[in-house]
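Asker: I'd like to go over a predicted model; first the sequence, then the structure.
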Amino acid sequence: MSDPGVITVLNAGSSSIKFGLYEPGVDGVLLYHGQIERLGGAAHLKVSDRSGKTVAEQSWPDGTLDHRRATAEFLELGRTLLAGRPVAAFGHRVVHGGVWFSQPTRVDAAVLARLATLVPLAPLHQPHNLAPIEVIAEAAPHLPQIACFDTAFHRSQPELAQEFGLPRALTDEGVRRYGFHGLSYDYIVARLRESEPDLAGQRLIIAHLGNGASLCAVQGGRSVASTMGFTAVDGLMMGTRTGTLDPGVLLYLMEEHGYDARRLEDLLYRQSGLLGVSGIASDMRTLRQSAEPAAAHAVALFVYRIVREIGSLAAAMSGVDVLVFTAGIGENDAATRAEVVQGCAWLGFALDPVRNGAGGGQRRINEAGARPVLVVPTDEERMIARYTSAALNQEGEQP
Ligand code: ADP
């Protein structure tokens, strides 16, 4: 039988491109994974094989490696790693699919043009997501490219959960709540369906706590509400983003301090959150290790905001049965989990401190008799690989 080819996943963020090479199929083996970090600065590439062994490393210290050049470098590297094996398709993470895309979609010129119109809705992410697609379309126009959207999982939300209290014309123009981190939530729900089928259909609140952080209320396996809204700055306080902010603060800064849009963007996305509040770092590990009161204060605000938003999402479902933690902080920081769950005792949650403190993989960490609390490691690249593989199969089945 001829080689069906490898599924290549690209997850392009604002300053990095993560990638994975997978065998096709729902749970195709991960062959290689890695990332190019610090694009536009002292860029560095590292690739590991499935055992975790580093197989390639390279640096571009001169600041010239942007997303387009990095994609070209990655294509070259992929050819070397695959040693003659074909690529079946590329799967991409695309932050914004607007109101149009609720499913992974094969990208052609028309789809790409449509996705480009969403750049103003996600200026810090969408252009970087689209750059690799454009480069690959030029370099290998015959190869299928599948866009997988961070907004898609939330398209199931009821209309009320998607609207702001704005004049109708603005809502119709697309100024609405979209929600993000959808590939992560989708992956977690799929994991629970396989491993905890009794829980998967219940009322879940999933806490994706990384540098970017959000919560999602999931009922019957579908998103019904989320803390992120029109952009990925809404909701929880994050590493460097404010989270929910009284819009009056923006008017005040514009009128009293002469802020323009660029300066507001920098404040909202890069100077605030754990970094701004602590004045020390955006990184949870650094803050947990710091003896400075400002570090503890920033973490306390991070936790307080999560607890309050859990209350809000519980209200959207008239209750909550299961709490799930995921992403860098959610998976690794036992102290954050303990503090959040303590704040949610009124909802029937309590942790087993020993289980919470024990590391490693998916696990239940609630006290016996309390509502289930789980840690479930997320894997957005795996979800993209799955969708890309499925999209190819569907195309193959079409008459
Ligand atoms: P991104 O949103 O960039 O994908 P991640 O999901 O990788 O972010 O999460 C990054 C966050 O996770 C950082 O704040 C980091 O400090 C935190 N983190 C990672 N490992 C640990 C750990 N062992 N203990 C506490 N925090 C951790």
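Answerer: Okay, I see it. Residues are numbered from 1 along each chain as shown.

Asker: Residue of the protein nearest the ligand, please.
Answerer: Nearest to the ligand, among the residues of the chain, is Gly328, at 2.0 Å (C-beta to the nearest ligand atom). For the C-beta atoms, the positions are set from N, CA and C on the backbone; glycine is no exception.

Asker: Show me what counts as buried in the helix or strand that residue falls within.
Answerer: For Gly328, the element it lies in under DSSP states H and E is helix 327-332. For helix 327-332, the neighbour count (16 or more other C-beta atoms under 10 Å) marks 327-332 as buried.

Asker: and if you look at stretch 127-144?
Answerer: Buried residues in stretch 127-144 (16+ other C-beta under 10 Å): 128-137, 144.

Asker: so of these, which ones are in helices?
Answerer: 128-137 (DSSP state H).

Asker: Could you dump those residues into TSV with distance to Ala300 and pLDDT added?
Answerer: As requested, these are arranged in TSV below (distance: C-beta to C-beta, whole Å; pLDDT from 0 to 100):
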residue	distance to Ala300	pLDDT
His128	33	93
Asn129	34	95
Leu130	39	96
Ala131	39	95
Pro132	39	96
Ile133	41	97
Glu134	44	96
Val135	44	96
Ile136	45	96
Ala137	47	96
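
Asker: Of these, just say which sits nearest to Ser184.
Answerer: Each of those was checked against Ser184 using C-beta to C-beta; the closest is Asn129, at 15.4 Å.

Asker: His92 is in contact with that closest one, correct?
Answerer: Yes. Look at Asn129 against His92 with C-beta atoms under 8 Å: they come within range, at 6.5 Å.

Asker: Pull up the overlap in contacts between those two.
Answerer: Taking C-beta atoms under 8 Å, 6 or more residues apart in numbering as the criterion, Asn129 and His92 both touch Ala12.

Asker: Have a look at the protein and report its longest helix.
Answerer: helix 293-316.

Asker: which residues touch that one?
Answerer: The set of residues external to helix 293-316 that reach it, using C-beta under 8 Å, 6+ apart, is 161, 203, 205, 207, 209, 213, 215-217, 224-227, 235-237, 243-244, 273-274, 277-281, 284, 286-288, 290, 320, 323, 336, 339-340, 343-344, 347.

Asker: Can you name the residues of this protein sitting close to the ligand?
Answerer: 210-212, 239, 283-285, 327-329, 332-333 (C-beta under 6 Å from any ligand atom).

Asker: just to revisit the earlier point, thinking the residue of the chain closest to the ligand is in contact with Met284, fair?
Answerer: Yes. With contact defined as C-beta under 8 Å, Gly328 counts as touching Met284 (7.3 Å).

Asker: low-scoring stretches of the stretch 151-300 of the chain, by residue?
Answerer: Applying pLDDT under 70 to the stretch 151-300 of the chain picks out no residues at all.

Asker: hmm, back to that, any chance of the ones in helices among the buried residues of stretch 127-144 in CSV, with distance to Phe149 too?
Answerer: Listed next are those as CSV, based on distance: C-beta to C-beta, whole Å:
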residue, distance to Phe149
His128, 15
Asn129, 9
Leu130, 12
Ala131, 16
Pro132, 15
Ile133, 13
Glu134, 17
Val135, 20
Ile136, 18
Ala137, 18
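
Asker: can you map out the strands along the chain?
Answerer: 6-12, 17-22, 30-37, 43-49, 54-60, 87-94, 105-106, 145-149, 204-209, 213-219, 222-226, 322-326, 363-364, 373-375 (DSSP state E).

Asker: Any buried residues in the fifth one, and which?
Answerer: Residues of strand 54-60 classed as buried by neighbour count (16+ other C-beta under 10 Å): Trp60.

Asker: Show me what it is packed up against.
Answerer: Where contact means 3 or more C-beta pairs under 8 Å, 6 or more residues apart in numbering; DSSP states H and E, strand 54-60 is packed against strand 43-49, helix 67-82.

Asker: now those in TSV, with mean neighbour count?
Answerer: Listed next are the helices and strands packed on strand 54-60 as TSV, based on neighbours: other C-beta atoms under 10 Å:
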stretch	mean neighbour count
strand 43-49	19
helix 67-82	18
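
Asker: Give the burial count for the nearest residue to Leu192 once chain neighbours are set aside, as a bare number.
Answerer: Using C-beta to C-beta, 6 or more residues apart in numbering and skipping the chain neighbours, the partner closest in space to Leu192 is Ala200 (4.0 Å). Residues near Ala200, counting by other C-beta atoms under 10 Å, number 19.

Asker: Correct me if wrong: Ala200 contacts Val189.
Answerer: Yes. Using C-beta under 8 Å, Ala200 is in contact with Val189, at 6.4 Å.

Asker: Quick check: the gap between Glu309 and Leu268.
Answerer: Separation of Glu309 from Leu268 (C-beta to C-beta, to the nearest Å): 18 Å.

Asker: Of these two, which one has the most company?
Answerer: A direct count of neighbours by other C-beta under 10 Å for Glu309 and Leu268 places Glu309 higher, at 24 against 21.

Asker: and the more buried one, how far is that from Cys344?
Answerer: Counting by C-beta to C-beta - Glu309 and Cys344 are separated by 11 Å.

Asker: Thr240 now?
Answerer: 26 Å.

Asker: Also Val307?
Answerer: Counting by C-beta to C-beta, the gap from Val307 to Cys344 is 6 Å.

Asker: Between the two, which is the more surrounded one?
Answerer: Cys344 (22 against 16).
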